[in-house]
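A.B. asks: whatever this is, show me its structure:
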Amino acid sequence: MPEPMTSDPWVEKLKDPTQQEEALTALRVRLVRGLKKVFSSGGESFAEDIAQDALIRILEKIDQFEGRSQFPTWAMSIAVRLATSQVRRKHFKDVSLEQFADGEGLKLDVAVDTLPGAAEQIEQSSIYQNLSELIDDLSDRQQTAVRAVLSGMPVEEIANRTASNRNAVYKLVHDARTKLKSGLEAAGYSAEDLTGSIA
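C.D. replies: Just a heads-up that it's a prediction; the model follows:
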């Protein structure tokens with residue numbers, strides 16, 4: 001059983017009503033600075049908005065902080081996840097789900113050349129070819145959802161576009177991935193070969 005975490009000064013201040021506002025201000029400054037470095041193209045307002053959302057999330061999750069890293073690092077990871085989700089949502093804002101229905105929106109081709117590592121590229125290309133064929137055998141809804149997810153579209157965005165919810169889309173994609181993994185394994189590929197494809 002793990003030993004209880006030593007009390008962290010950030011946690012103490014954020015939980016103390018008399019110190020919380022000051023601690024939040026200091027943490028917000030750190031988050032904004034970090035976000036501007038990581039997402040340099042986002043600008044000041046993007047970093048400020050994400051930092052504000054992150055502070056709310058951090059206060060909600062503060063009891064989950066286990067002290068495995070420094071508190072500011074843990075807080076920044078929450079902010080970065082929020083920022084990444086926001087960037088992905090913006091990227092797919094004008095992307096139609098219909099383009100994934102026939103596979104146009106998903107590029108699984110791997111360039112094969114004669115440079116060192118070509119054997120690995122050929123193997124990967126073969127996996128992708130099998131994967132494309134297996135996706136074609138899924139139901140129409142599964143095909144669209146899987147192609148969208150593999151292209152990087154957030155599950156939340158797929159749920160919004162299909163008037164569904166996260167859990168339903170997760171279930172749809174999970175069932176499809178299970179079929180795809182089984183199909184690839186039946187074609188002679190191991191779990192290690194699948195890493196990076198549909199894992």
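
A.B. asks: so where's the chain uncertain?
C.D. replies: Low-confidence regions of the chain, defined by pLDDT under 70, span residues 1-6, 91-128, 189-199.

A.B. asks: show me what contacts the residue lying farthest from the centre of it?
C.D. replies: No residue in the chain sits farther from the centre than T18, which is 36.3 Å out by CA atoms, centre = their mean. For T18, the contact set (CB atoms under 8 Å, 6 or more residues apart in numbering) is empty. C-beta here means a position set from N, CA and C on the backbone, and glycine is covered the same way.

A.B. asks: please enumerate the helices of the chain.
C.D. replies: 9-15, 20-38, 43-61, 71-91, 98-101, 118-136, 140-150, 155-161, 166-186, 191-194 (DSSP state H).

A.B. asks: most tightly packed of the ones you listed?
C.D. replies: Compared across the helices of the chain, helix 140-150 shows the largest average neighbour count, a mean of 20 (mean count of other CB atoms under 10 Å).

A.B. asks: test my guess that Q19 contacts K13.
C.D. replies: Yes: counting by CB atoms under 8 Å, Q19 touches K13, with 4.2 Å between them.

A.B. asks: which residue is the nearest non-sequential neighbour of S77?
C.D. replies: Among residues not flanking S77 along the chain, S69 sits closest, at 8.0 Å (CB to CB, 6 or more residues apart in numbering).

A.B. asks: now the phi/psi pair for the one you found, please.
C.D. replies: phi -140, psi 170 (degrees, to the nearest 10).

A.B. asks: that one: neighbouring residues, count only.
C.D. replies: 12 (other CB atoms under 10 Å).
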